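1. sequence below, structure please.
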Amino acid sequence: MNALIDTPLHIPIEQMRDHSRWFGPNLVTLIARSAETNGVFSLLRCVLRKGFEPPLHVHSKEDESSFILDGEICYEAGNRRIIAKSGDYVRLPKNVPHTYKVITDTVSLLLFITPGGFEDMFLRCSRPALSFELPPMSEEPPGAAFFEKLARVNAELGVTILPAL
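-> Residues are numbered from 1 along each chain as shown. Model (predicted):
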């Protein structure tokens, strides 16, 4: 028996900042990590800013499902274009190339990753959040070193960045 997995888990809102990371200009809160779910899933709350979207990529290990809490986002997945707004659910299966663009200034969503583990990318490529809100905007975008690390970590986790079309 694993005491962590076999014990009910409760994270009060007052502790969520301790589970939050600033990922570029975005806020990512690691609600449930793979280690806490026996690898079954990870659950994240993401507040994403327009203009800091990923390149086209494909996951080899996990599905991503999003429940949009606030705002609007456009997913390109396989040959589909999906406009999702508050209250919508979107599933992106593994092995299907995808990306997204934030349509509104920000979008908030719950990201459900199955199986868990990919949250490690957010941990390794971010910094602790100093508050439970978006980080201050920087005058300059993240540098080349950030994107090189992002590519390396994604590759280690089985995610392939695809060339732009």
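
2. lowest average confidence across helices and strands of this structure, where is it?
-> The weakest-scoring helix or strand in the chain, judged by mean pLDDT, DSSP states H and E, is helix 144-156 (a mean of 91).

3. just the CA trace of that helix, in PDB.
-> The C-alpha coordinates for helix 144-156 follow below in PDB (Å, rounded to 0.1, in the frame of the first residue of the first chain):
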ATOM      1  CA  ALA A 144      16.400  31.000 -26.700                       C
ATOM      2  CA  ALA A 145      17.600  29.100 -23.600                       C
ATOM      3  CA  PHE A 146      14.000  28.700 -22.400                       C
ATOM      4  CA  PHE A 147      12.800  27.300 -25.700                       C
ATOM      5  CA  GLU A 148      15.800  25.000 -26.000                       C
ATOM      6  CA  LYS A 149      15.000  23.600 -22.500                       C
ATOM      7  CA  LEU A 150      11.400  23.300 -23.400                       C
ATOM      8  CA  ALA A 151      12.200  21.300 -26.600                       C
ATOM      9  CA  ARG A 152      14.600  19.000 -24.700                       C
ATOM     10  CA  VAL A 153      12.200  18.300 -21.800                       C
ATOM     11  CA  ASN A 154       9.300  17.700 -24.200                       C
ATOM     12  CA  ALA A 155      11.500  15.200 -26.200                       C
ATOM     13  CA  GLU A 156      12.400  13.400 -22.900                       C
END
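
4. what's next to stretch 143-152, contact-wise?
-> 24, 121, 124-125, 161 (CB atoms under 8 Å, 6 or more residues apart in numbering). For every residue, glycine as well, the C-beta is placed using N, CA and C.

5. same thing but at 7 Å, please
-> Residues outside stretch 143-152 that contact it (CB atoms under 7 Å, 6 or more residues apart in numbering): 125, 161.

6. buried ones in that stretch?
-> Neighbour-count burial for stretch 143-152 flags 150-151 (criterion: 16 or more other CB atoms under 10 Å).

7. what's the spacing between it and its chain's center?
-> 16 Å (CA atoms, centre = their mean, to the nearest Å).
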